[in-house]
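Visitor: Following is a predicted model, sequence given first.
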Amino acid sequence: MTVTQPDVTVVIGAYEAMPYLVECLASVEAQTIDPERIEVIAVDDGSTDGTGECLEEFADRAPMPVTVIRQENSGGPSGPRNVGLAKAAGRYVFFLDADDRLGPEALERMVAMADRAGTDVVLGRIEGVNRGAPKSMWGRTLERTDVFSSNIKFTLSAQKLFRRALLDRHGMRFDESLFTGEDALFTMEAYLRADGVSVIADYTCYYLVGRDDGKHVTKSGGYTLRFDSARALMNLIADLVPEGPRRDLLMVRPFTVTLLPQFGPRFLKDTDEVRRRKLELAKPLMDVHWNEGVAGRLKVEERLRLHLVAERRLELLVDVLEFVRAKKQAPALLERRGRRLYLAYPHFRDRAAGVPDSVYLASPREARAFPGYREGGTGSLLRRAARRVRRALTSSGGVTPGGTAAAA
């Protein structure tokens, strides 16, 4: 009897997942893809709440092959995923968290997309249930894109379809030394190494479920783990992407999503010791990875906070955070005939503070929201260049004073 290779292996890492696991497994059983085209590898990571027994009952009744592995608790999500990945036989691998669930057509649509487009990673639309979910990358379905020309860098969770050959070729596994952000590291590496990424935006493939008990992995862990996560992701980007605008573009993700929240309003509630420790942990990251290219891609308020972190200006940072917490609107200052807009957050043009004006300068994208702003963009640059050419031609006799070309 010939055993055909499954199209996709669904890897489920489960720890204390009851009762959410019941709906998770039901969503696997309800998949419209032929059961013979998928396999499930479920790893119970030392649960004591009946998770392992629920998985074994599912294996007995499921229409597709199900392998259940029960092991001692590993302390994080990376271990179970790696165990499942090592046993995967499918052409593709999908990592399903035990408290989440799939849309009925998810696997069928994602496999079809990867086969049709020849891409190595497929993102299916994510919807939050009792919790937030990423939104900016679902504007439209994309058969083929990459991490530089889309917003996919803002969804780095592991719940994607990955071509297994890509993972095997590069020996990719989840970093078991990280207890948060391990999926961001894995997914960003896959994006960067992939021969194309697809986005399914017109069908909800994945439901990200917020647990009532608050035990979802993204909510756990102390602040030092966030710095570990930011460091790992920044180092990966620096290793795989040459210095320049493309690297700066990707660095926006760890700076704004992982590092910046540590210096948000919650910082005001931290003890003096924790504040000092956070600045110490941030220093090597700011010294190596913070630059004008990254700063220029941020909103003024984000850039100002991170600038003050880089300069270790604790008192000024506290002033800015008090202003932000009070939900005040920074006054807008238009200069250069409306083509330059500054947002006057605390210490703007304060000589004693010495923060450069450039930190408060709004990008064209941010400035467009303010009445009176006139964008001096490409059109203006082209007009100025045309005037220079015209002047040069006029001075050399190539153009008559009326603006028409002189006869040859």
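Guide: Great, that's in hand. Computed from a predicted model, the values in this text were never measured in an experiment.

Visitor: residues contacting the closest residue in space to V359 that isn't next to it in sequence?
Guide: Taking CB to CB, 6 or more residues apart in numbering, and ignoring the residues beside it in sequence, V359 has H307 as its nearest neighbour in space, at 5.0 Å. Placement of C-beta: from N, CA and C, glycine included. Taking CB atoms under 8 Å, 6 or more residues apart in numbering, we find H307 in contact with 295, 355, 359.

Visitor: mind putting those in CSV, pLDDT, neighbour count and distance to L233 included?
Guide: Formatted as CSV, the contacts of H307 follow (pLDDT from 0 to 100; neighbours: other CB atoms under 10 Å; distance: CB to CB, whole Å):
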residue, pLDDT, neighbour count, distance to L233
A295, 97, 19, 18
V355, 98, 20, 28
V359, 98, 20, 24
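
Visitor: Need those in JSON lines (columns: distance to A201).
Guide: Putting the contacts of H307 into JSON lines (distance: CB to CB, whole Å) gives the following:
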{"residue": "A295", "distance to A201": "31"}
{"residue": "V355", "distance to A201": "40"}
{"residue": "V359", "distance to A201": "36"}
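
Visitor: Quick one: neighbours of V122, just the number.
Guide: Counted with other CB atoms under 10 Å, residues neighbouring V122 total 28.

Visitor: got it, and the one 5 residues further on?
Guide: Residues contacting E127 under the criterion other CB under 10 Å number 14.

Visitor: just the one 3 residues further on next, same as before
Guide: N130 sits with 10 neighbouring residues when counted by other CB under 10 Å.

Visitor: Can you tell me, leaving aside adjacent residues, what's nearest to it?
Guide: Excluding its sequence neighbours, the residue lying closest to N130 (CB to CB, 6+ apart) is G210, at 3.6 Å.

Visitor: so where do the helices sit in the stretch 301-408 of the chain?
Guide: Shown for the stretch 301-408 of the chain, the helices assigned by DSSP state H, counting those that start in this stretch span residues 314-325, 364-367, 378-395.

Visitor: Can you flag the weakest of those by average pLDDT?
Guide: Here the lowest mean pLDDT among the helices of the stretch 301-408 of the chain goes to helix 378-395, at a mean of 53.

Visitor: how about low-confidence regions in this structure?
Guide: For the chain, the stretches flagged by pLDDT under 70 are 1-3, 213-221, 377-408.

Visitor: residues in contact with the residue sitting nearest the centre point of the chain?
Guide: Nearest to the mean C-alpha position of the chain, by CA atoms, centre = their mean, lies F154 at 2.5 Å. The neighbours of F154, taking CB under 8 Å, 6+ apart as the test, are 134, 136-137, 253, 257.

Visitor: run the last query once more with 10 Å
Guide: Going by CB atoms under 10 Å, 6 or more residues apart in numbering, F154 touches 134-137, 252-253, 256-257.

Visitor: Please apply the same query to L233.
Guide: Neighbours of L233 in contact, by CB under 10 Å, 6+ apart: 156, 178, 181, 184-185, 187-189, 250-251, 253-255, 257-259.

Visitor: Walk me through which strands the helix or strand hosting A201 pairs with, and which way each runs.
Guide: Here A201 sits within strand 197-209, counting by DSSP states H and E. Applying DSSP bridges, strand 197-209 is found paired with strand 101-102 (antiparallel), strand 121-129 (parallel), strand 142-145 (antiparallel).

Visitor: Pull the distance from it to the chain's centre.
Guide: Relative to its parent chain, strand 197-209 has a centroid offset of 15 Å by CA atoms, centre = their mean, to the nearest Å.

Visitor: Please apply the same query to stretch 287-307.
Guide: Between the centre of stretch 287-307 and the centre of its chain there are 17 Å (CA atoms, centre = their mean).

Visitor: before we move on, what about stretch 305-316?
Guide: Centroid separation between stretch 305-316 and its chain, computed with CA atoms, centre = their mean, is 24 Å.

Visitor: list the buried ones in it?
Guide: For stretch 305-316, burial by neighbour count (16 or more other CB atoms under 10 Å) applies to 305-310, 313-314, 316.

Visitor: swap in stretch 280-295?
Guide: Under 16+ other CB under 10 Å, the buried positions of stretch 280-295 are 281-282, 285-286, 289-290, 293-295.

Visitor: Which single one of the buried residues of stretch 305-316 is nearest to D270?
Guide: L314 (11.0 Å; CB to CB).

Visitor: quick one: that closest one and R277 touch, right?
Guide: No - counting by CB atoms under 10 Å, L314 does not reach R277; the two are 12.0 Å apart.

Visitor: Give me the nearest residue to R231, chain neighbours excluded.
Guide: Per CB to CB, 6+ apart, closest to R231 is L285, 6.0 Å.
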